[in-house]
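J.: Build me a model from this:
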Amino acid sequence: MSQTTPVSVTMKLVKMQHKWPTIARDLALMSQPQTQSSQFDIEDVARMYDLSLVELNELIINPTFRQLVVEAVRNLKALGPRAGFRMRAELLATELQEKLYNRAVSGSMEDKQMLQFLAVLLKSAGLEAPPEDTPPPMPAGPSVHVALNFPSIPGRSLDHARVIAKPQELIDV
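T.: Residues are numbered from 1 along each chain as shown. Got it, this is the predicted structure:
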């Protein structure tokens with residue numbers, strides 16, 4: 001499917017075309033049930049992307065953008081009953097990755113933080129080395145075997161020293 005930007009879109013909207021899928025996802029999220037603390041509306045979406053309500057309306061009536069909104073709503077429905085929560089968590093993670101990336105590139109992040117960030121990025125990108133095959137650990141705990149030899153002593157009874165032994169049972173913890 002070839003996507004073209006109609007001439008009716010302002011230059012500002014053309015320059016931020018890479019953000020259109022995210023804006024569409026935010027608009028689709030507005031159709032999900034929201035709690036009092038997480039409610040946002042069309043004005044919040046416009047403010048998040050530094051758009052006026054007129055510019056956002058212009059974007060909403062754009063056929064290419066409308067298709068992105070339809071896809072975002074379809075993806076939202078496919079995620080199931082907790083779709084809103086999952087999408088919001090994904091949005092927060094994306095924003096955090098951008099902030100961390102900018103801090104790492106600008107050099108304002110310490111080496112330890114950059115290494116931790118690198119580990120998270122490698123893991124999320126699927127580039128982390130697979131875990132090495134290691135043998136399973138041995139069961140922990142003492143394992144004591146004592147052999148008691150009681151010689152027979154003539155005239156003495158050792159019945160009181162006899163212990164009925166049961167085989168030791170191993171219990172996995």
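J.: Helices along the chain, start to end?
T.: Using DSSP state H, the helices found in the chain span residues 11-15, 20-29, 42-48, 53-60, 63-78, 83-106, 111-125.
J.: looking at those, which is buried most?
T.: helix 20-29 (a mean of 20; mean count of other CB atoms under 10 Å). Just so you know, the C-beta spots here come from the backbone N, C-alpha and C atoms, and that holds for glycine as well.
J.: Quick one: list the elements packing against that one.
T.: helix 42-48, helix 53-60, helix 63-78, helix 83-106 (3 or more CB pairs under 8 Å, 6 or more residues apart in numbering; DSSP states H and E).
J.: To Lys15, which of those lies closest?
T.: Lys15 sits nearest to helix 53-60 of all the helices and strands packed on helix 20-29, at 11.7 Å, using CB to CB.
J.: what mean pLDDT does the closest one have?
T.: In this model, helix 53-60 carries a mean pLDDT of 92.
J.: For the helices of the chain, give me TSV that also has distance to Glu132.
T.: TSV is the format used below for those (distance: least, CB to CB, whole Å):
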stretch	distance to Glu132
helix 11-15	47
helix 20-29	38
helix 42-48	44
helix 53-60	50
helix 63-78	36
helix 83-106	28
helix 111-125	16
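J.: sorry, back to before: rank the helices and strands packed on helix 20-29 by mean pLDDT and give me the bottom one.
T.: For the helices and strands packed on helix 20-29, mean pLDDT drops lowest on helix 83-106, to a mean of 76.
J.: Next, the angle from it to helix 20-29.
T.: 150 degrees (axes from the mean of the first three to the mean of the last three CA atoms, to 10 degrees).
J.: Let's see helix 83-106 as CSV, backbone CA atoms only.
T.: Provided in CSV are the C-alpha atoms of helix 83-106 (Å, rounded to 0.1, in the frame of the first residue of the first chain):
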residue,chain,number,x,y,z
ALA,A,83,-5.5,-3.4,26.0
GLY,A,84,-5.6,0.2,27.4
PHE,A,85,-3.3,-0.7,30.2
ARG,A,86,-0.9,-2.6,27.9
MET,A,87,-0.8,0.2,25.4
ARG,A,88,-0.2,2.9,28.0
ALA,A,89,2.6,0.8,29.5
GLU,A,90,4.1,0.5,26.0
LEU,A,91,3.8,4.2,25.5
LEU,A,92,5.6,4.9,28.7
ALA,A,93,8.3,2.4,27.9
THR,A,94,8.8,4.0,24.5
GLU,A,95,9.1,7.5,26.0
LEU,A,96,11.5,6.3,28.6
GLN,A,97,13.7,4.6,26.0
GLU,A,98,13.8,7.9,24.0
LYS,A,99,14.8,9.9,27.1
LEU,A,100,17.5,7.4,28.0
TYR,A,101,18.8,7.2,24.5
ASN,A,102,19.1,11.0,24.4
ARG,A,103,20.9,11.1,27.7
ALA,A,104,23.3,8.3,26.6
VAL,A,105,24.0,10.1,23.3
SER,A,106,24.5,13.5,25.0
